[in-house]
Every structure is written in C-alpha cells, then in structure tokens.
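Peer 1: got a sequence here, can you model it:
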Amino acid sequence: MIDIEKKIYNPPFKNITPVAILYQALQPPIINGIRKPMKSGGYSDSGADIAYTLRSNGIPIVAPIDNPHPSSNIDWVFPDTKEGIGSAIAKGAKTIWANTVLFDAHPLNNTNILNNVKVVGQLPEATQKYDNKWITNELIRTYALPVPHSILIGYTSHNGIYGLNDLTPEVLRDINFPAIIKPIRGRGSQGVKRVDSIEQLKAHAEKLLSSGNVINGQRYSEFGDSLILEQYLKGEEITVVIMPPGMYDIKFKDTKFDDYWHLPLVKRFDHHDGVMPYSGVVAVTENSTLLSGLEIQDPAYQKIVRDCERVGRILKPLAPIRIDCRRVELGKPFFLFDLNMKPNITGPGRPGRNSQDSLVSLAARGIGWTYSDLLKNMLRQAWVMKKLIK
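Peer 2: Numbers count the residues shown, from 1 in each chain. Presented below is the predicted three-dimensional model:
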C-alpha cells in the first residue's frame, strides 16, 4: 500500500479555479519488461468531453487555444509532458485534471512544477503499482477478498512463472478450461482472450509473448515475458465504481462521505467469446445497463459492493476507480477480476458524441447525476501534492 497522508491534502472547495485537462502524450516507461499500450489519441477524446462539458456549465477552462472547436479533441487538452503542464499553468490553470496514464516518473509527480496546483486524478506511483493486475489481485487476495484462481505463464519456468510446456493438469487444477489469458499491464480488452484448450492457450500465449515494437531504436516486448492465466467466470458481469471520501452534491444537497463508497451497479451483457469488447468498438450503451432495484436485493450484489469498498480502503485511490466483477453462475458469489485505476470518463455533450457514455457516467446516472454533475463532483475532490520535507 502507498502512504498518501504525508503527500496530499484536500484544500477547501470554495472557489472554482481554472481547470486544464491533460491527455496522454508520453509513452509509459518499460516496467519489468512491459510497456502499457497507449490508446490512440491518448484519451484526448474524453479530455475534450470533460473540458467542453465543464465550460458549458460555467467552470473556467484553460485550453491550448483561445477558441477551441467543439469537434476538435486536441483544441481542448494539453499534453502530459513537463512542457505541456507548464504551458497550462502559465496560461492560468490552478487545477490540473490528469486524464492520462500516470507512472512514478511522470512530470506530474514533480511538485516544483505544480507548486500547490490542485490535481484531479491518482497519485502517479499508486497508478504505476496498481496498474499491474497481478500485483493488485494478489494484494486483494491477501485480505481474503474473492479473486479468481490465476497463475503466471511464460516461455520458460522461472521465478514463480510456469513455462508453457510445464502446464500439467496438476498446475491447472484450480483453473481448467475454458480459461482467460490477459496481459499483466493491459488496456481495455487488448490481448484478453478465452481459450478452450491447451493448444489454444499455447497459441495465444506465444502470440502475445512474441509481440513487440521498436520505439526510439529500442525493441521491447509489448506484453512482457509473462502473462496471467486466470479462471474463467462464465456468469454475469457487473461494474462497480468506487468513489473516494469527500463532500459531494447529491440531489442538490451536500453529502459528506467519510469512507469509500460505490455508485449504483452496472450490468454488462453481449460478451464476445466470453470477453467484453472494447468500448471503442462497441459503445457501452449497447451492452451495459443499470441494475434494477429488484435485482440489487440479491445478497450477492450486497456482498460484492462491500468487498469493492474494502478494496478502496486498501488502495486509497484519490479519484474514481472501476472494479469489474463476475460470478461463475447465477446464484453464486461474485469475484473481483479486474481493477482500473484510470477508468474511461467519456460522456455525451459535444456535437456528435451523444452515444459516448462511459461505465462511470452510466453508473453516476443511477444517483441522478448527469455527466456534468459527475465531473463537477470529481472536481470537488481535487487535491494538492505537498512538498516533501528533506
């Protein structure tokens, strides 16, 4: 776990200060041989949704140009480089919305750049640590929370990783087929596949393990030298959005949450070969819906939201996180199988973007929040990085 108490504090939310939105321009670093895949456009689409919607609701926005065009993503957002952050602050931004993938060496972690500027987003080092799906699930498991059975696989057996040719029935006894293969540091459903036999397992694993790229003359493995092989959960899938403690506006009334809490649950359906398709291919409005009041009475739902709130207390995120959960079959308990430190925050509002709901904004609708209500309540949780005393 990462100690955040010595690093941040939440300033009083009195006057709304000018906000600048960052998008991902920086390639993530190679961490233990793995580079997290970048999204095309670097989340500039959701960044523009955020900026446009906030400005439309009277929130002062700092943009790279004076008159950003509603349909141009890049008009609304600054690159997450040292120069981009500096430019946003020089133009008057007092709050930086980190709509990007963060890591320990990210420029946002430089308090000399921020100089008490507020931040919406996670601590960079927390994102780097918990973006590792294996580390996160193993940590959650130590708290006796329900996580699917899983092992690490690679070309050869070493350091707790099972080689593809060493996957005996005894090794696979708690997983069986079908099973799920997924990258340790993935994005969306990229690289995730259900495999129904040892032959399919080896073929897909070899495809991912051999996948590489060259950046600045350096070759790296796109998915690293190991993958997660996980128990396949064929039952219902839901998404739980966990919000940090703070003061929120719910139904025009300030409501204080002293602990982590959840937005209403979202049910997923229409999987492709057992895996939810990436939202850039199939809009979440086509395969996701809020659970009904009758469904939520199922004790399994009540337990899983308590489990997810407990994850919040363990990881201590400073902004919303999304936890995807599935169960083996109807009537059985849910497992937490995927945690996202930076969930997608697209939303309707800009011309031509009315179908661009995200799972978070869909969940927020369950408590009566519009997309703009969600963004303004996230803005209320902005925090300031304290300069560390030497």
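
Peer 1: show me where pLDDT drops low in the stretch 101-250 of the chain?
Peer 2: Low-confidence segments of the stretch 101-250 of the chain, defined by pLDDT under 70: 214-220.

Peer 1: strands of that one, residue ranges please.
Peer 2: 118-120, 150-154, 161-163, 179-182, 193-195, 212-215, 218-221, 227-231, 237-243, 246-250 (DSSP state E, counting those that start in this stretch).

Peer 1: closest to G331 out of the ones you listed?
Peer 2: strand 237-243 (14.5 Å; C-beta to C-beta). To be clear about C-beta, it is placed using only N, CA and C from the backbone, and glycine gets the same treatment.

Peer 1: each with direction, which strands does the closest one pair with?
Peer 2: Using DSSP bridges, strand 237-243 pairs in its sheet with strand 261-262 (antiparallel), strand 266-268 (antiparallel), strand 321-327 (antiparallel).

Peer 1: show me what contacts R353?
Peer 2: 49, 346-347 (C-beta atoms under 8 Å, 6 or more residues apart in numbering).

Peer 1: show me the domain layout of the protein.
Peer 2: 8-122, 149-231, 237-379 (automatic domain parsing).

Peer 1: could you export the ones you listed as a markdown table, including distance to K129?
Peer 2: What follows is those, written out as a markdown table (distance: least, C-beta to C-beta, whole Å):
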| stretch | distance to K129 |
| --- | --- |
| domain 8-122 | 8 |
| domain 149-231 | 11 |
| domain 237-379 | 9 |
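
Peer 1: those: which one's closest to Y143?
Peer 2: Of all the domains of the chain, it is domain 237-379 that lies closest to Y143, at 6.1 Å by C-beta to C-beta.

Peer 1: first-to-last residue distance for that closest one?
Peer 2: Using C-alpha to C-alpha, to the nearest Å, one end of domain 237-379 lies 29 Å from the other.

Peer 1: relative to the whole chain's centre, how far out is that domain?
Peer 2: 11 Å (C-alpha atoms, centre = their mean, to the nearest Å).

Peer 1: the longest helix belonging to the chain packs against which elements?
Peer 2: The single longest helix within the chain, with elements called by DSSP state H, is helix 299-315. Applying 3 or more C-beta pairs under 8 Å, 6 or more residues apart in numbering; DSSP states H and E, we find helix 299-315 packed against helix 133-142, strand 237-243, strand 261-262, strand 321-327, strand 334-340.

Peer 1: so what touches stretch 255-270?
Peer 2: Contacts of stretch 255-270 from elsewhere in the structure, counted by C-beta under 8 Å, 6+ apart, are 236-249, 276, 282, 286-291, 295-296, 301, 305, 308-309, 312-313, 320, 324, 359-360, 362-367.

Peer 1: also stretch 233-241?
Peer 2: With contacts defined as C-beta under 8 Å, 6+ apart, stretch 233-241 is touched by 148, 178, 262-263, 265-269, 271, 274, 276, 288, 291, 301, 304-305, 308, 320-330, 332, 334-335, 337, 343, 359-360, 363-364.

Peer 1: type out the PyMOL command that picks the buried ones from the residues you listed.
Peer 2: Remark: buried members of the contacts of stretch 233-241, expressed as a PyMOL selection using 16 or more other C-beta atoms under 10 Å:
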select buried, resi 148+178+262+263+265+266+267+268+274+276+288+291+301+304+305+308+320+321+322+323+324+325+326+327+328+334+335+337+343+359+360+363+364
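
Peer 1: who are the neighbours in contact with the closest residue in space to D273 that isn't next to it in sequence?
Peer 2: Excluding its sequence neighbours, the residue lying closest to D273 (C-beta to C-beta, 6 or more residues apart in numbering) is R194, at 5.3 Å. R194 is in contact with 178-180, 232, 273-275, counting by C-beta under 8 Å, 6+ apart.

Peer 1: same check, this time on K207
Peer 2: So K207 contacts nothing (C-beta under 8 Å, 6+ apart).

Peer 1: any idea how far it is from K193?
Peer 2: Using C-beta to C-beta, to the nearest Å, K207 is found at 9 Å from K193.

Peer 1: pretty sure L375 contacts I50?
Peer 2: Yes: using C-beta atoms under 8 Å, L375 is in contact with I50, at 5.8 Å.

Peer 1: mutual contacts of the two, please.
Peer 2: Joint contacts of L375 and I50 (C-beta under 8 Å, 6+ apart) are 345, 347.

Peer 1: if you count what's nearby, which of those two comes out ahead?
Peer 2: I50 (30 against 26; other C-beta atoms under 10 Å).

Peer 1: so what does the more buried one look like in phi/psi?
Peer 2: phi -60, psi -50 (degrees, to the nearest 10).

Peer 1: count of neighbours near the nearest residue in space to it that is not next to it in sequence?
Peer 2: In space, and not counting its chain neighbours, I50 is closest to I21: 5.4 Å by C-beta to C-beta, 6+ apart. Using other C-beta under 10 Å, the number of residues around I21 comes to 30.

Peer 1: before we move on, what about the one 10 residues further on?
Peer 2: As a burial measure, I31 scores 18 neighbours (other C-beta under 10 Å).

Peer 1: pLDDT value on it, please?
Peer 2: Per-residue pLDDT puts I31 at 81.

Peer 1: what about it, distance to T285?
Peer 2: Separation of I31 from T285 (C-beta to C-beta): 34 Å.

Peer 1: likewise for M341?
Peer 2: With C-beta to C-beta as the criterion, M341 and T285 are 24 Å apart.

Peer 1: more crowded one of these two?
Peer 2: Neighbour comparison, M341 and T285: the larger count goes to M341, with 22 against 15 (by other C-beta under 10 Å).

Peer 1: tell me the contacts of the spatially closest residue to that one that is not a sequence neighbour?
Peer 2: Spatially, and ignoring its direct neighbours in sequence, M341 is nearest to T127 (4.8 Å; C-beta to C-beta, 6+ apart). Contacts for T127 (C-beta under 8 Å, 6+ apart) come out as 101-103, 341-342.
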